[in-house]
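Colleague: Build me a structure from this.
(2 chains)
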Amino acid sequence: MTTLTRSSAQSLSTVALFAALMAVLGLVPKIDLPFGVPITLQSLGIMLAGCLLGGKRGLQSMALFLLAVAVGLPLLAGGRGGIGVFLLPSAGYLVGYALAAGVVGLLMGRLPAGSPKQAAVSALIAAVLGGVLFLHLLGIAGLMLIAQMPLAKAVMLDLAFVPGDLVKAVLCALVVHTVAKALPDWPLGGKSA
Amino acid sequence: MGSLYSEYRTWLHGLRAGSKLFGLVAAGLALFIFQSLWVLGAGAVLCAGVLASLGPATQPARRLLWAVLVAALLVAGFHVWMGSWQLGVASALRLFCASSLGVALTVTTRTGDLVAVLEWLLQPLRPLGVNPERLSLQLGLMLRFTEHFFIQWGKLDDAYRLRTGRGGGWRLVAPLAVHMLQTARRVADALFVRLGG
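Modeller: Residues are numbered from 1 along each chain as shown, chains lettered A, B, ... in the order given. Purely as a prediction, here's the structure:
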């Protein structure tokens, strides 16, 4: 292996660690929201990867996670894994994980994050646009392609998952707020320090 | 944490990972080229036969197989409801074939072998900045830290339970994220010390 520079060592470790975060979010049990609806936290990992790592590293960490799933590790919520999951109707969402993290990171990098409050608001916007809207568009495309559903039906099916993901976008903003306070020098959205 | 690979030896275990992956891709293409229900039905019977021939080796992936079956039935049912039962049956058969072959690949191929094939496949992406050799290191790092942070989550949860009597749930994500970012920096430093130039 060629020798590592400091910045490539940093990127190598953060990409691997955020892929690990996705895996942990898939392994922990479903979370019960205050009104009793259980949600899995895994799509929160996408939003966090984008907001905390930026577009490029966020995408890479999700791609690494998907690679691990593809080679047979049961890291998706519910203990699912293997190449087979990319052939199910939900594959659009899976592929969307990586692209959505990229979009979230791209947006976060361009939005203001001067104070923890600003960072939280920017994270919320980035998470909703990239982690919910964009991801669900890709998921719908997947449903249409693989399950050959017409657009209207695919949208209806998809809408069931939107409220849970909007809650996760709020959670993402809260986490970014905490990180901005605890680690003020962390480059949110992958902005150069 | 284990993979979905099964130690129970079957005829597929002897084939090379690259050949199996190629076979899966070729089968996937064939599934989408052929429209005839008879061809797809025959394919489904063949795939079911392959799965059955693996016997107890499919044990790790039983959950996934169940999810595939449910998805296939839901898709078929949906199309039947929409009035196009041929499309429903075709979609369900394709889904079953593709996913069951995917399962057959996963349970009979070691993770390391698949990673090696993927590294080879990624070589053409070098000009784009992709480094295939780093893949194994990153996968290993990812797995090691999945275990570590899962334990960390457990500790945070225990501490929260002691304080409040309830599980921490979503409240643990923020402290875990901060811990992870701090760890990322320390790991990067360690990597740089060992492998840096």
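Colleague: Mind listing residues that contact the helix or strand hosting A:Leu124?
Modeller: Assessed by DSSP states H and E, A:Leu124 sits inside helix A:116-126. Applying C-beta atoms under 8 Å, 6 or more residues apart in numbering or on different chains, the external contacts of helix A:116-126 come out as A:47, A:50-51, A:104-105, A:107-108, A:111-113, A:169-170, A:172-177, A:180-181, A:188-189. Using the backbone N, CA and C atoms, a C-beta is placed for each residue, glycine as well.
Colleague: Let's see which of those end up in helices.
Modeller: Of those, the ones assigned to helices by DSSP state H are A:47, A:50-51, A:104-105, A:107-108, A:169-170, A:172-177, A:180-181.
Colleague: Show me which of these are buried.
Modeller: Buried members of these, counted by 16 or more other C-beta atoms under 10 Å in any protein chain shown: A:47, A:50-51, A:104-105, A:107-108, A:169, A:172-177, A:180.
Colleague: List, out of the residues you listed, those positioned next to chain B.
Modeller: Applying C-beta under 8 Å from any C-beta of the partner chain to these, one finds that A:174-175 fall near chain B.
Colleague: Can you tell me which of the buried ones among the ones in helices among the contacts of helix A:116-126 is nearest chain B?
Modeller: A:Val175 (4.5 Å; C-beta to the nearest C-beta).
Colleague: Test my guess that A:Gln148 contacts B:Met82.
Modeller: No: with contact defined as C-beta atoms under 8 Å, A:Gln148 does not reach B:Met82; the gap is 10.2 Å.
Colleague: Of the two, which one has the most company?
Modeller: The neighbour comparison of A:Gln148 against B:Met82 (other C-beta atoms under 10 Å in any protein chain shown) goes to A:Gln148, with 18 against 13.
Colleague: Strands of the chain, residue ranges please.
Modeller: Picked chain A for this. For chain A, the strands defined by DSSP state E occupy A:31-32, A:38-39.
Colleague: Tell me which residues of the helix or strand B:Val178 falls within come out buried.
Modeller: Per DSSP H and E, B:Val178 falls inside helix B:173-195. When burial is assessed from 16+ other C-beta under 10 Å, helix B:173-195 yields the following buried residues: B:173-181, B:183-184, B:187-188, B:191-192, B:195.
Colleague: And for stretch B:69-82?
Modeller: B:71-72, B:74-76, B:78-79.
Colleague: cool, stretch B:139-148 as well?
Modeller: For stretch B:139-148, the neighbour count (16+ other C-beta under 10 Å) marks B:139, B:141-143, B:145-146, B:148 as buried.
Colleague: Out of the helices and strands in chain B, which is least certain?
Modeller: Least confident helix or strand of chain B, by mean pLDDT, DSSP states H and E, is helix B:62-81 with a mean of 80.
Colleague: what's the domain layout of chain B?
Modeller: Segmentation of chain B into domains, based on automatic domain parsing, reads B:11-125, B:131-195.
Colleague: Find the residue at the geometric middle of chain B.
Modeller: In chain B, the residue lying closest to the centroid (C-alpha atoms, centre = their mean) is B:Thr106, at 7.7 Å.
Colleague: what angle do the helix or strand containing that residue and helix B:62-81 make?
Modeller: Under the criterion of DSSP H and E, B:Thr106 resides in helix B:85-108. Angle of helix B:85-108 versus helix B:62-81, following axes from the mean of the first three to the mean of the last three C-alpha atoms, to 10 degrees, is 170 degrees.
Colleague: Give me the distance from the next helix or strand after helix B:85-108 to the chain's centre.
Modeller: Using DSSP H and E, the helix or strand that directly follows helix B:85-108 along the chain is helix B:111-122. Relative to its parent chain, helix B:111-122 has a centroid offset of 14 Å by C-alpha atoms, centre = their mean, to the nearest Å.
Colleague: Please see if helix B:111-122 touches chain A.
Modeller: Yes: contact between helix B:111-122 and chain A, assessed by C-beta under 8 Å from any C-beta, occurs at B:111, B:114-115, B:118.
Colleague: tell me the average confidence for the helix or strand that that helix is followed by?
Modeller: Using DSSP H and E, the next helix or strand after helix B:111-122 towards the C-terminus is helix B:132-164. Summarised as a single mean, pLDDT over helix B:132-164 is 86.
Colleague: same question, stretch A:117-137
Modeller: Mean pLDDT, computed over stretch A:117-137, is 93.
Colleague: Could you give the separation between the terminal residues of it?
Modeller: 29 Å (C-alpha to C-alpha, to the nearest Å).
Colleague: List the residues that contact the most centrally placed residue in chain A.
Modeller: Centroid-nearest residue in chain A, with C-alpha atoms, centre = their mean: A:Ile46, separated by 0.7 Å. Residues near A:Ile46 by C-beta under 8 Å, 6+ apart: A:22, A:58, A:62, A:97, A:100-101, A:104, A:131, A:135.
Colleague: How many neighbouring residues does the nearest residue to it once chain neighbours are set aside have?
Modeller: Among residues not flanking A:Ile46 along the chain, A:Ala101 sits closest, at 4.8 Å (C-beta to C-beta, 6 or more residues apart in numbering or on different chains). For A:Ala101, the count of nearby residues is 35 (other C-beta under 10 Å).
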